[in-house]
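S.K.: Give me the fold of what follows.
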Amino acid sequence: MNQITAIILTFNEEKHIARCIKSLQSVCSRICIIDSFSTDHTIQIAQDLGAEVYSHVWENNYAKQLNWGIQEAKIQSDWTMRIDADEYLTEELQQEIQLKLDGLSSHISGIEFTRKVLFKGRWIRFGGFYPIHLLRLWRTGLGACEQRLMDEHIVLSQGETIRFTEHVVDENLNSIHWWVTKHNNYARREAADALNQKYQFSYTTDLSAAGNSQAHTKRTAKNSFYNRMPLGLRALAYFIFRFIFQLGFLDHPKVWVFHFMQGLWYRLLVDVTIYEAEKSAQGDPIRLKNIITTDWKIDC
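M.R.: The predicted model follows:
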């Protein structure tokens, strides 16, 4: 039987970590927590459930934290899995992994899962949020997280990718206040990523190596069309496209809040953040990079 090591990044995830770990126990031979010095009961819960815990300071960069964890855990299993603490494998996906993994051809290096996102207990079925296919399981040593500040994906160095049928579920149980605080931080990271792309402050991995056609298509559309639109107007246009043309209005009214907050409020916040940074820099790229790295404390 093939062995799997799961990597989970955590910070104060006591509401979610037990659910996540328990969903992995039937398919993973090893579960490694990469914790950013949680102050709640995350570490104790994880250890009680048999997970290994590694502590590492958070540098406001998911890719760096994940790649550090992959290296530090010294993974020897056949496969490595990435999963977020507020996600869990359905029983159907656990069974699919158990049934199919051993029989895969050696030229298959990566496996995509289909993510199902829930908001306030309701499935987000429309607005471009389903189905979302993510490379989450790969042969050890052949995958790494691309160096981006946002929207980072696992990139394979060789081999082909296939897709399993069943779901990994993303269901965060925190309050809307927590969600807003989290997205305030995301806005700076996404603004920094957009400015990084515009001014070429650093090198980022080419997603084409990942073999994820869905993610590649979305990023291409974002870079070639969305990012060329005027700040502010593009946020409104995106919300209209998502809520009307991608049928977001067909979701439950509770989910309308998510579409508005994530599809308009958040996108507008990113644009305002970009505008303020460029205005403060007064056209000086060096000063702009200093704002990102010093004021925002983001390494780009």
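
S.K.: pLDDT of the longest helix along the chain, averaged?
M.R.: Secondary structure assigned by DSSP state H gives helix 176-199 as the longest helix of the chain. Helix 176-199 shows an average pLDDT of 93 in the prediction.

S.K.: do the same with stretch 73-82
M.R.: pLDDT averaged over stretch 73-82 gives 97.

S.K.: Other residues contacting it?
M.R.: 2-7, 24, 28-30, 32, 34, 52, 54, 66, 70, 101, 136-140, 143, 145, 154 (C-beta atoms under 8 Å, 6 or more residues apart in numbering). Where C-beta positions appear, they are placed from N, C-alpha and C, glycine not excepted.

S.K.: Ok, stretch 219-238 next?
M.R.: The contact list for stretch 219-238 (C-beta under 8 Å, 6+ apart) reads 151, 194, 197-198, 207, 263-264, 267-268, 270-272, 274-275.

S.K.: As TSV, the residues you listed with distance to Phe245, secondary structure and neighbour count would be great.
M.R.: What follows is the contacts of stretch 219-238, written out as TSV (distance: C-beta to C-beta, whole Å; DSSP: H, G, I helix; E, B strand; the rest coil; neighbours: other C-beta atoms under 10 Å):
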residue	distance to Phe245	secondary structure	neighbour count
Asp151	21	coil	15
Ala194	23	helix	21
Gln197	26	helix	17
Lys198	27	helix	14
Leu207	25	helix	19
Gly263	12	helix	23
Leu264	14	helix	17
Arg267	16	helix	23
Leu268	19	helix	18
Val270	21	helix	24
Asp271	21	helix	22
Val272	25	helix	15
Ile274	25	helix	20
Tyr275	26	helix	13
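
S.K.: Least confident of the residues you listed?
M.R.: Leu207 (55).

S.K.: circling back to that earlier point, how far off centre is the very next helix or strand once past the longest helix of the chain?
M.R.: Sequence-wise, the next helix or strand downstream of helix 176-199 (DSSP states H and E) is helix 213-224. Taking the mean of its C-alpha atoms, helix 213-224 sits 15 Å from the chain's own mean (C-alpha atoms, centre = their mean, to the nearest Å).

S.K.: what mean pLDDT does helix 213-224 have?
M.R.: pLDDT averaged over helix 213-224 gives 76.

S.K.: Export that helix to PDB, keeping only CA atoms.
M.R.: Extracted in PDB, the C-alpha atoms of helix 213-224 (Å, rounded to 0.1, in the frame of the first residue of the first chain):
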ATOM      1  CA  SER A 213      -5.400  23.900 -17.000                       C
ATOM      2  CA  GLN A 214      -8.200  25.400 -14.900                       C
ATOM      3  CA  ALA A 215      -5.900  27.500 -12.700                       C
ATOM      4  CA  HIS A 216      -3.800  28.400 -15.700                       C
ATOM      5  CA  THR A 217      -6.900  29.700 -17.600                       C
ATOM      6  CA  LYS A 218      -8.000  31.800 -14.700                       C
ATOM      7  CA  ARG A 219      -4.600  33.300 -14.100                       C
ATOM      8  CA  THR A 220      -4.200  34.100 -17.800                       C
ATOM      9  CA  ALA A 221      -7.600  35.800 -17.800                       C
ATOM     10  CA  LYS A 222      -6.700  37.800 -14.700                       C
ATOM     11  CA  ASN A 223      -3.300  38.900 -16.000                       C
ATOM     12  CA  SER A 224      -4.300  39.700 -19.600                       C
END
